[in-house]
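In: make a model of this:
(chains A, B, C and D)
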Amino acid sequence: MAQWASLSEAVAAHIHDGDLVALEGFTHLIPFAAGHEIIRQGRCNLSLVRMTPDLIYDQLIGAGCAARLTFSWGGNPGVGSLHRFRDAVERDWPVPLAIEERSHSDLANAYVAGAANLPFAVLRAYAGSSYEQASPHIRSIHCPFTGERLAATPSVRPDVAVIHAQKADRQGNVLLWGILGVQKEAVLAARHAVVTVEERVESLDAPPNACILPAWVVDAVCLVPGGAAPSYAHGYYDRDNAFYRRWDAISRDRERFCAWLKQSVLDTANFTEYQRVQEEWCRKEALR
Amino acid sequence: MAQWASLSEAVAAHIHDGDLVALEGFTHLIPFAAGHEIIRQGRCNLSLVRMTPDLIYDQLIGAGCAARLTFSWGGNPGVGSLHRFRDAVERDWPVPLAIEERSHSDLANAYVAGAANLPFAVLRAYAGSSYEQASPHIRSIHCPFTGERLAATPSVRPDVAVIHAQKADRQGNVLLWGILGVQKEAVLAARHAVVTVEERVESLDAPPNACILPAWVVDAVCLVPGGAAPSYAHGYYDRDNAFYRRWDAISRDRERFCAWLKQSVLDTANFTEYQRVQEEWCRKEALR
Amino acid sequence: MTPGYTSDEIMTVSAARMLRNGAICFVGIGLPSTAANLARLLHAPDAVLIYESGPIGAKPSVLPLSIGDGNLAETADTVVSTPEIFRYWLQGGRVDVGFLGAAQLDRYANINTTVIGDYHRPKVRLPGAGGAPEISTAAKEVLIIVKQSRRSFVKQLDFITSAGFLTGGDARERAGIQGRGPVAVITDLCILRPDPESRELTVTTIHPGASREQIRLNTGWDIRFSPDCIETAPPAAQELEALRALQARTAAAHGVVEISS
Amino acid sequence: MTPGYTSDEIMTVSAARMLRNGAICFVGIGLPSTAANLARLLHAPDAVLIYESGPIGAKPSVLPLSIGDGNLAETADTVVSTPEIFRYWLQGGRVDVGFLGAAQLDRYANINTTVIGDYHRPKVRLPGAGGAPEISTAAKEVLIIVKQSRRSFVKQLDFITSAGFLTGGDARERAGIQGRGPVAVITDLCILRPDPESRELTVTTIHPGASREQIRLNTGWDIRFSPDCIETAPPAAQELEALRALQARTAAAHGVVEISS
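Out: Residues are numbered from 1 along each chain as shown, chains lettered A, B, ... in the order given. Okay, the predicted model is just below:
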């Protein structure tokens, strides 16, 4: 049953070194504040899973939190490469990163299978691609009725899923809307779930058939307004496209990344302080 | 692409003798008007599929439209037996009815597999039950990663799915809300779809992430207000529980059923006339 | 002295008592739904009722007549599709208690709601499986509420729709079934629980006014009584009041007094 | 005389022309998204754009910078979950045209967006698969838009992320792939189509101002030209106007002029 908690309490209680952790959010509602808190608390040896690693995993990987990554598209959307991810894969910096690569369709199906308590997913995937040779996790299965051959891939069952949502009520029921990605599946596939939200409300006032996660599938709910920035929260704030572009320069260079990490994350006590540092930076840029 | 049409045109164009037809709606939004029109047009040798046959299939079966039935719970909800269904299964009246019986979980998963263009569904089902012996469609499959044994059942791919919804816009985009059942899956698993609606609107004005079927997955949309009665349409009218109880008496006896069928369906030109006959009957009952 | 309640009432009240507050309960329509909602109105306000039609956290003020009544959707925390209910919520392992009715059951709490007679040439065709085969295996535990008679408590089932303890002992575990299975069967005469070893249903409490003889007469097998068998606590005034008020509200709303299963 | 348009513009306009009105199009971010939205603003107002993040029927007035921008959700006919997009809509066989970009492709229109060098010890780690392996097989047909160079048009791919015609001929069909595969590759120099027999990409129209020599210099293999090769129709004023207005609106909204892929 969901407990309202501070983000630092929630991360301390539910995310442990070596855990398989999914921080999900498909472009929208990416739980950046939670990612920073995981870095702040120095988690290591994490197995990370996420469809689009995005900046959030670039930061976790660059900070040395991750030993393994399962993903399906590892770029900076609309900008280019994820340099910290590439540095880890290509040059083992700061620590080696083992990767399990899947297609979007595969990984989305794998979360569905996890949520449905199945050990594997069946899908039409990878036909003609080199992934079948490269990845031991892609196997084939035959339809017991038609004999047809299909792909089978292992389900994803995280120890902890972390998502950001628009609202939660006092009991901890969570409402999200707009681009939903795989968040519901990630939460239901996981043993534990931590949710950060924009707003705490008396009543969700949700429309019929809205995407709601009942309080009893969530372990901790944390009020973190702005906690998805630089991604966006539909109805609250837009995507900070400038930061995504700026990240290309910050992350391209190890030293510059380390300076950013220290100043923005390690030397800030929480997300509010992180936001202040970011605002200061923007003011300075504007004065240039 | 959806065409607005009269229900008689839509049934004539899209439902043919011998088709595999799914009229779906889980207690809510059962497409009764469409069922009656299928009876009126004298369709026969249909393979019907539906989770809960309910009164709508009791009527189609009693009228002799069906040769086969795939279902998962064949009762009159809150009342008792479906007498026409039982008469067909137990005594081959009016024509023999071959049945393929599945559990709710199985049939729901089979629609999902159909919508996902997969030949079979994988699920945890039927453990310890006699269905595994009774049904050739229940097979087992082993996880290629863990070796675990799971149930495999064939997907459902209807020729035509028929559903009732609350609204459609001029283009034929369809909105439904409340209890959604398996309607979306039935439509997406099928080659063709016919939708009856309560209302034709300029704009759906749907809330975020509402259950919408785009016009291009629907073949015909028909304006049939009240077309789900005696089931209900959330936001429009309640379930006619009295009719469900009355059906027990009507359907228990072959002659009485035939009289009802003639008067209410066969001798009425359309759903509007059917409604008038029903209203008259209610008035007479009230005067008794 | 006639008791101030009916045998149906003590059955429903006794069943309601079994549902602990906060439990996630997958509810069958009819008697289970009545008992689960009564529990919610009494000691278990935080019980989460899931109906297979899609509502999660339904809090109906009147009893639903069907498994998909509108008031279930209106009062729920969320309404999802039926496939999602079965895939993510039931099979997903999120359900603590499956609350089932039964047309027939045997001494090992196996349930038949499919056929009487031969499956392919049935004497009586019953409604079939519905959600029960998977509720009975995927829920962490199962409660069964059923009126006791020689028609419902039978020596040999013609068909096992939903697994109880199969042939008894560890047969259920050997069949690889995940959930613990039936923990109690609540009837209008008594409460039965599986023997810890044999898993045979054993009478553990007898409702006031019901006799061992009456229970034997209404059971199709040679029924066992627990050595510690006691009398069921009679319905408290508050319990009866809540049940009757619920049924009165239901009757007023639907124009019927009794919901059949 | 310099033409009144850039090579990027004729690429985008030519690609847009390929999308027929009413087509259900699964759109990759970047160049495909620009071309598909331009088509929607020109001759294909009823094209249905599906983005893998969940929007179906998106009609953005400015180009999205990411695959999940808010304006995609706001303007869509419906927004479903990402698993649903891949399961019911793409794999479900509902997509007419998959519109893809590519980091690298070979003469059989196989695409690599995964690695340069050895997979397990890559020289360059590219973003990976995304939705492309299944878009390229499940969509009824595929359009590819890519800037032509020796870096992108390579003789031998280190990795096939998404199947084109594999080793050519009927190799794609023999691999059991359902969709017909790439019907055209649109570059900043020309349009290539698969030869009906060998399925090797063959230049069928050359953009005004581009030469065969230039095309050869920007291709990593010995590229073939169709005997019927003609000149691409230059962008019409209306096409250029719509494209530039779209990019200007995008720049005003996002503060950037060009969307990289």
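
In: ok, residue 54 - contacts?
Out: Since you didn't name a chain, this refers to chain A. A:27, A:30, A:76-77, A:82, A:231 (CB atoms under 8 Å, 6 or more residues apart in numbering or on different chains). Where you see a C-beta, it was placed from the backbone N, CA and C, and this is true even at glycine.

In: try again with chain C
Out: B:26, B:179-181, C:68, C:73, C:79-82, C:84-85.

In: let me see the contact set for the closest residue to chain C within the stretch 51-200 of chain A.
Out: At 4.3 Å from chain C, A:A116 is the closest residue in the stretch 51-200 of chain A, using CB to the nearest CB. When contacts are counted by CB under 8 Å, 6+ apart, A:A116 touches B:123, C:87-88, C:91-92.

In: that older thread, restricted to helices, list the contacts of C:G54.
Out: Members of the contacts of C:G54 lying in helices (criterion: DSSP state H): C:73, C:82, C:84.

In: show me where chain C has strands.
Out: In chain C, the segments counted as strands under DSSP state E are C:24-27, C:48-50, C:55-56, C:78-79, C:97-100, C:104-105, C:111-112, C:115-117, C:122-125, C:141-145, C:182-186, C:190-194, C:201-206, C:224-231.

In: can you read off the pLDDT for the closest residue to C:R20 other than its chain neighbours?
Out: In space, and not counting its chain neighbours, C:R20 is closest to C:A44: 6.5 Å by CB to CB, 6 or more residues apart in numbering or on different chains. pLDDT for C:A44: 98.

In: repeat that for C:T2.
Out: At C:T2, pLDDT is 70.

In: cool, and the one 5 residues further on?
Out: Per-residue pLDDT puts C:S7 at 97.

In: over to C:V257?
Out: 46.

In: now A:K167
Out: Value for A:K167, per-residue pLDDT: 98.

In: look at it and give its secondary structure.
Out: What DSSP: H, G, I helix; E, B strand; the rest coil gives for A:K167 is strand.

In: what count of nearby residues applies to it?
Out: Around A:K167 there are 21 other residues, counting by other CB atoms under 10 Å in any protein chain shown.

In: was I right to think it contacts A:T196?
Out: No: in terms of CB atoms under 8 Å, A:K167 does not count as a neighbour of A:T196; the distance is 11.4 Å.

In: quick revisit: how about the residue of the stretch 51-200 of chain A closest to chain C: what's its closest non-neighbour residue?
Out: Residue nearest to A:A116 in three dimensions, not counting chain neighbours: C:R87, with 4.3 Å by CB to CB, 6+ apart.

In: how much space between the one you found and A:P119?
Out: 14 Å (CB to CB, to the nearest Å).

In: so these two - more neighbours on which side?
Out: Neighbours were counted for C:R87 and for A:P119 using other CB under 10 Å; C:R87 has more, 26 against 19.

In: so what's the more buried one scoring on pLDDT?
Out: On the pLDDT scale, C:R87 gets 98.

In: repeat that for A:K284.
Out: 84.

In: that one: neighbour count?
Out: Neighbour tally, A:K284, other CB under 10 Å: 9.

In: cool, C:K140 as well?
Out: 17.

In: is it possible to get a markdown table of the contacts of C:G54 that adds neighbour count and distance to C:C190?
Out: Listed next are these as a markdown table, based on neighbours: other CB atoms under 10 Å in any protein chain shown; distance: CB to CB, whole Å:
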| residue | neighbour count | distance to C:C190 |
| --- | --- | --- |
| B:F26 | 28 | 35 |
| B:I179 | 31 | 36 |
| B:L180 | 28 | 40 |
| B:G181 | 29 | 38 |
| C:G68 | 31 | 33 |
| C:A73 | 25 | 36 |
| C:V79 | 30 | 37 |
| C:V80 | 22 | 37 |
| C:S81 | 24 | 39 |
| C:T82 | 30 | 35 |
| C:E84 | 23 | 38 |
| C:I85 | 28 | 32 |
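
In: closest to D:T113 among those residues?
Out: Among these, C:E84 lies closest to D:T113 (CB to CB), at 32.7 Å.

In: now the stretch 101-250 of chain A against chain D: closest residue?
Out: Counting by CB to the nearest CB, the stretch 101-250 of chain A gets nearest to chain D through A:G128 (2.9 Å).

In: let me know the pLDDT of the residue nearest to A:A134 when sequence neighbours are not counted.
Out: Leaving out its chain neighbours, the residue that sits closest to A:A134 by CB to CB, 6+ apart is D:Y119, at 4.7 Å. In this model, D:Y119 is scored at 94, pLDDT.

In: the residue in chain A positioned nearest to chain B and A:K284: what is the separation?
Out: At 3.3 Å from chain B, A:P207 is the closest residue in chain A, using CB to the nearest CB. Separation of A:P207 from A:K284 (CB to CB): 43 Å.

In: ok, which stretches of the stretch 101-250 of chain A are strands?
Out: A:120-123, A:139-142, A:149-154, A:160-169, A:174-176, A:192-201, A:211-213, A:220-223 (DSSP state E, counting those that start in this stretch).

In: check the contacts of A:A116 for burial and list the buried ones.
Out: B:123, C:87-88, C:91-92 (16 or more other CB atoms under 10 Å in any protein chain shown).

In: what residues of the helix ranked longest in chain C count as buried?
Out: Longest helix in chain C, counting residues (DSSP H): helix C:237-254. The neighbour-count check on helix C:237-254 (16+ other CB under 10 Å) flags C:239-240, C:242-243, C:246-247, C:250, C:253-254 as buried.

In: good, we can wrap up now.
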